[in-house]
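Student: could you look at this predicted model? Sequence included:
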Amino acid sequence: MSEATAAVETHDDTHDDHHPSDWEYVKIAVLLAAFTGIEVATYFESVFTIFETRWVLLTTLFVLMFVKFWLVARMFMHLKQDKPILGWSFVSGIALATAVYIVALAAFNFF
Amino acid sequence: MDTATATAEIEHGHDPHATNTGISNNKLAMWLFLSTECLLFGGLISTYLLYKTRQGNADVLPTDLFDIPFTSVSSFVLLMSSLTMVLALSAVARNDMERGKAWLVVTAMLGAVFIGGQVYEFTAFVREGMGFTSSPAASAFFTLTGFHGVHVSLGLVMLMSLWVAAGQGKLTSKNSETVEIVGLYWHFVDIVWIFIFTVIYLIPPA
């Protein structure tokens, strides 16, 4: 093995060490599935009567949505391990889209 | 550049393939592309929110026809495809190509099930009298979910291309970043559906 190859492989090994194990990915997926189950439960208001109150329903759904979003982006898309610039570029796009469309929706009296 | 020069450059911190950011250009480009996709889907979601009660001359609105238990299952399937995608990347990075190819196929199959569910849903809506041009609400709904379906379908093409490349021996742990980049796209499509499922399907009209 040449020194150049060794140097590159050492770098790759270091990079891989930062990624979660397969078992950790499975645990995250179980969490995501559980959160989805709670989301779907909100649809059955007659069974889970707490969700008949609109602010409880909306708070639950939005919190679960953001937690699921955060878990997928951070763990499955490796934002936790990757360089912060990638996260910032993604967050910038989301922030820009959110700002633009909140203004657009407000202009059309959506709120 | 010969090996000796490359070695010398790496030893002095000048990897000939390195970029200023330390991130490959392909990966950075994918992240920037996904960032712009937020604007595309943001526009489509906002349009649906504005039009969701505009019935026009149609008898029904999309919200009248939603089959939440059915959509919940297809949402779950897409969510689990993110797990199989990341397991495929993990296997390819370990150079376990057989397992990597298997997870890629499973991911593609889960994506295909999701698309099948969407086709079934669209067909059921049309049978109930809600076509693409029935009302502003219907047009906005079909455009939003249809665009998402097109994204999933493109992801399926990418996944099968990776599977073919792996079968031909062109995909190894040395270029596992290709799988990672396709994985980023796939996870993004999943993230967008997480948003659509909550905002469009689960939040009932006030």
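Tutor: Nice, thanks for sending it over.
Student: for residue B:137, what are its contacts?
Tutor: Contacts for residue B:137 were tallied using C-beta atoms under 8 Å, 6 or more residues apart in numbering or on different chains; they are B:48, B:51-56, B:58, B:61-62. No exception for glycine: its C-beta is placed from N, CA and C like everyone else's.
Student: just the pLDDT for it.
Tutor: Turning to residue B:137, the model gives it a pLDDT of 95.
Student: distance check, residue A:75 against residue B:128.
Tutor: Separation of residue A:75 from residue B:128 (C-beta to C-beta, to the nearest Å): 39 Å.
Student: which of the two has more neighbours?
Tutor: residue A:75 (23 against 13; other C-beta atoms under 10 Å in any protein chain shown).
Student: contacts only, for that one.
Tutor: Remark: with contacts taken as C-beta under 8 Å, 6+ apart, residue A:75 is in contact with A:20, A:24-25, A:28.
Student: just the buried residues from those, in PyMOL please.
Tutor: In PyMOL, a selection of the buried entries from these looks like this (16 or more other C-beta atoms under 10 Å in any protein chain shown):
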select buried, chain A and resi 20+25+28
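Student: off-centre distance for the top helix by length along chain A?
Tutor: Scanning chain A for the helix with the most residues, using DSSP state H, yields helix A:84-107. What separates the centre of helix A:84-107 from the centre of its chain is 15 Å, taken as C-alpha atoms, centre = their mean, to the nearest Å.
Student: cool, and stretch B:116-123?
Tutor: Between the mean C-alpha position of stretch B:116-123 and that of its chain there is a distance of 17 Å (C-alpha atoms, centre = their mean).
Student: could I get that stretch in PDB with only the CA atoms?
Tutor: Listed in PDB are the C-alpha atoms of stretch B:116-123, where the atom choice follows Å, rounded to 0.1, in the frame of the first residue of the first chain:
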ATOM      1  CA  GLY B 116     -48.200   2.900  -5.800                       C
ATOM      2  CA  GLY B 117     -50.200   4.300  -2.900                       C
ATOM      3  CA  GLN B 118     -50.100   7.800  -4.400                       C
ATOM      4  CA  VAL B 119     -51.400   6.500  -7.800                       C
ATOM      5  CA  TYR B 120     -54.200   4.600  -5.900                       C
ATOM      6  CA  GLU B 121     -55.100   7.800  -4.000                       C
ATOM      7  CA  PHE B 122     -55.200   9.900  -7.100                       C
ATOM      8  CA  THR B 123     -57.300   7.300  -8.900                       C
END
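Student: could you chop chain A up by domain?
Tutor: Chain A resolves into domains spanning A:3-80, A:82-111 when parsed by automatic domain parsing.
Student: returning to that earlier point: now the longest helix of chain A: mean pLDDT?
Tutor: Across helix A:84-107, the average pLDDT comes to 94.
Student: pull the CA atoms of that helix into CSV?
Tutor: What follows is helix A:84-107, C-alpha atoms only, in CSV (Å, rounded to 0.1, in the frame of the first residue of the first chain):
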residue,chain,number,x,y,z
PRO,A,84,-21.5,23.0,10.0
ILE,A,85,-21.5,24.8,6.6
LEU,A,86,-23.7,22.1,5.2
GLY,A,87,-26.2,22.5,8.0
TRP,A,88,-26.1,26.3,7.6
SER,A,89,-26.7,26.1,3.9
PHE,A,90,-29.7,23.9,4.4
VAL,A,91,-31.1,26.0,7.3
SER,A,92,-30.6,29.1,5.2
GLY,A,93,-32.8,27.6,2.5
ILE,A,94,-35.5,26.7,5.0
ALA,A,95,-35.4,30.0,6.7
LEU,A,96,-35.6,31.9,3.4
ALA,A,97,-38.5,29.8,2.2
THR,A,98,-40.3,30.2,5.5
ALA,A,99,-39.8,34.0,5.6
VAL,A,100,-40.8,34.4,1.9
TYR,A,101,-44.0,32.3,2.2
ILE,A,102,-45.1,33.7,5.6
VAL,A,103,-45.0,37.1,3.9
ALA,A,104,-46.8,35.8,0.8
LEU,A,105,-49.5,34.1,3.0
ALA,A,106,-49.9,37.2,5.1
ALA,A,107,-50.3,39.3,1.9
